[in-house]
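[1] I'd like to go over a predicted model; first the sequence, then the structure.
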Amino acid sequence: MASGLSTRGLIFRQLFDRESCTYSYILGDANTKEAILIDPVFGLAQRDRTLVEELGLNLRYVMNTHVHADHVTGTGLLKETLGTSVKSVISSASGADANVKLNHGDNLSFGNFTLEVRGTPGHTNGCVCYVFHEGRMVFTGDTLLIRGCGRTDFQEGSAETLYNSVKTQIFELPEDYLVYPAHDYKGMTCSSVGEEKKFNPRLTKDIDTFKAIMDNLGLPYPKMLDKAVPANKVCGLYNLPPEMEEVLKSTNKNNN
Ligand SMILES: N[C@@H](CCC(=O)N[C@@H](CSS)C(=O)NCC(=O)O)C(=O)O
Ligand SMILES: [Fe+2]
């Protein structure tokens with residue numbers, strides 16, 4: 001069975017931000033050159049833009065899996081530098097502003113490929129997973145991490161809702177589908193649905209044990225929480241923290 005990496009005509013890149021341990025993903029159609037970018041990071045917008053150009057791709061959508069709490073999205077900045085043909089994308093349920101607001105069951109195309117949108121609330125209300133059936137891949141955002149899952153102690157977090165989302169929307173996918181999350185803190189890059197069903201130390205438990213685990217994670221709040229959430233509700237382009245306004249100003253200067 002073809003995995004994402006060998007899907008005919010697919011250009012695929014996994015990118016990493018060392019600061020927030022965020023993964024961003026470029027998916028492009030080698031034939032039409034249309035591409036999408038999932039979960040870009042503000043400080044790496046220039047890196048992403050250069051790579052897209054080097055690969056000869058035209059970005060159609062810059063999309064987020066949810067309103068991130070730990071980093072400012074690169075969506076707004078990429079739109080600013082690449083022009084109006086690029087559309088920002090997030091779920092309707094996120095309450096965030098974007099050109100395209102998606103709902104559970106929607107499909108989004110780039111070139112000859114299509115992503116299916118699955119609503120997976122729990123980490124936040126607006127979390128979605130993007131299922132790329134042709135590539136047998138799923139982009140899980142913070143809903144499902146490798147051997148972990150998104151925390152449920154801020155934004156609109158609910159352990160019970162997250163548990164149901166994973167079980168019904170991700171674990172029902174074929175076991176060979178590769179899982180690509182929005183973060184990893186241990187150096188893992190990807191997993192599979194079958195692997196997570198078998199080895200995820202949280203999601204292999206019953207709901208009560210899962211809730212107890214989530215209630216006792218004892219994680220400090222992300223350092224960027226108060227700055228990132230308001231910025232990400234508007235694609236990162238308004239409400240930017242002052243230090244990021246400087247980046248934006250110099251980007252605009254370089255583009256003029
Ligand atoms: N230390 C980091 C934040 C780490 C963190 O809270 N990660 C989130 C995803 S980003 S909203 C999470 O859900 N983690 C779950 C886990 O089990 O690690 C920072 O200060 O930014
Ligand atoms: Fe998150």
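    Great, that's in hand. Numbers count the residues shown, from 1 in each chain. Ligands and ions are numbered 1, 2, ... in the order given.
[2] make it CA atoms for all contacts and neighbour counts henceforth
    Noted.
[3] ranges for the strands of this structure?
    Per DSSP state E, the chain carries strands over the ranges 10-17, 22-29, 34-38, 58-63, 87-91, 100-102, 107-110, 113-119, 128-132, 137-141, 144-145, 148-149, 178-181, 191-192.
[4] which among the ones you listed is found nearest to residue 200?
    Among those, the nearest to residue 200 by CA to CA is strand 148-149 (6.1 Å).
[5] number of residues surrounding whatever residue of the stretch 51-200 of the chain ends up closest to ligand 1?
    The nearest approach of the stretch 51-200 of the chain to ligand 1 comes at residue 150, 3.3 Å away (CA to the nearest ligand atom). Applying other CA atoms under 10 Å, we find 21 residues neighbouring residue 150.
[6] quick check: phi and psi on it?
    Phi and psi for residue 150, reported as degrees, to the nearest 10, are phi -70, psi 150.
[7] next one: it relative to residue 124, how far apart?
    As for residue 150, its distance to residue 124 is 9 Å (criterion: CA to CA, to the nearest Å).
[8] same list (the strands of the chain) but as a markdown table, adding distance to residue 228.
    A markdown table is the format used below for the strands of the chain (distance: least, CA to CA, whole Å):
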| stretch | distance to residue 228 |
| --- | --- |
| strand 10-17 | 15 |
| strand 22-29 | 14 |
| strand 34-38 | 17 |
| strand 58-63 | 16 |
| strand 87-91 | 15 |
| strand 100-102 | 20 |
| strand 107-110 | 26 |
| strand 113-119 | 22 |
| strand 128-132 | 19 |
| strand 137-141 | 16 |
| strand 144-145 | 20 |
| strand 148-149 | 20 |
| strand 178-181 | 19 |
| strand 191-192 | 27 |
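[9] mind putting those into TSV with mean pLDDT?
    Below are these laid out as TSV (pLDDT from 0 to 100):
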stretch	mean pLDDT
strand 10-17	98
strand 22-29	98
strand 34-38	98
strand 58-63	97
strand 87-91	98
strand 100-102	98
strand 107-110	98
strand 113-119	98
strand 128-132	99
strand 137-141	99
strand 144-145	99
strand 148-149	98
strand 178-181	98
strand 191-192	98
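[10] leaving out chain neighbours, which residue sits closest to the residue of the stretch 51-200 of the chain closest to ligand 1?
    Nearest non-adjacent residue to residue 150, counting by CA to CA, 6 or more residues apart in numbering: residue 142, 4.7 Å away.
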